[in-house]
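>>> model the following, please.
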Amino acid sequence: MRLAGSQEVFSTLARRFAADQADSELDAFFEAYALLQSKGYAPDTAAALAVDIAKGRVPMGEKTTRFAGIYGDAS
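Numbers count the residues shown, from 1 in each chain. Coordinates of the predicted model:
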């Protein structure tokens with residue numbers, strides 16, 4: 001079975017998917033970095049661990065109610 005469309009369409013879709021993937025990894029990095037900083041990690045350690053979290057090599061830490069003020073939760 002062959003997909004309809006030209007190579008140009010496939011290339012455009014591939015570039016779009018790669019850009020979306022990069023944006024989501026960057027968002028995951030910043031979210032993980034903020035979480036790790038709030039839990040007391042040193043900036044260098046937080047950055048290194050956030051990279052691993054963004055790449056999916058390490059699971060994301062849990063947001064706890066102790067740090068709810070950082071995430072905009074009033075409770």
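>>> for this structure, which segments are assigned as helices?
For the chain, helices defined by DSSP state H occupy the ranges 7-38, 43-55.
>>> please identify the deepest-packed of the ones you listed.
Comparing the helices of the chain by mean neighbour count (mean count of other Cβ atoms under 10 Å), helix 43-55 comes out on top with a mean of 15. No exception for glycine: its C-beta is placed from N, CA and C like everyone else's.
>>> other SSEs contacting it?
helix 7-38 (3 or more Cβ pairs under 8 Å, 6 or more residues apart in numbering; DSSP states H and E).
>>> quick one: average confidence on the helix it packs on?
Helix 7-38 shows a mean pLDDT of 78.
>>> who are the packing partners of it?
Using 3+ Cβ pairs under 8 Å, 6+ apart, helix 7-38 sits against helix 43-55.
>>> which residues touch the helix it packs on?
25-26, 28-30, 32-33, 36-37, 41, 58-61 (Cβ atoms under 8 Å, 6 or more residues apart in numbering).
>>> okay, that helix in CSV with CA atoms only?
Extracted in CSV, the C-alpha atoms of helix 43-55 (Å, rounded to 0.1, in the frame of the first residue of the first chain):
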residue,chain,number,x,y,z
PRO,A,43,21.6,24.4,39.1
ASP,A,44,24.2,22.2,37.3
THR,A,45,22.7,18.9,38.7
ALA,A,46,19.1,20.1,37.9
ALA,A,47,20.1,20.9,34.3
ALA,A,48,21.8,17.6,33.7
LEU,A,49,18.9,15.6,35.2
ALA,A,50,16.3,17.7,33.4
VAL,A,51,18.0,16.8,30.1
ASP,A,52,17.6,13.1,30.9
ILE,A,53,14.0,13.7,31.9
ALA,A,54,13.2,15.6,28.7
LYS,A,55,14.8,12.8,26.6
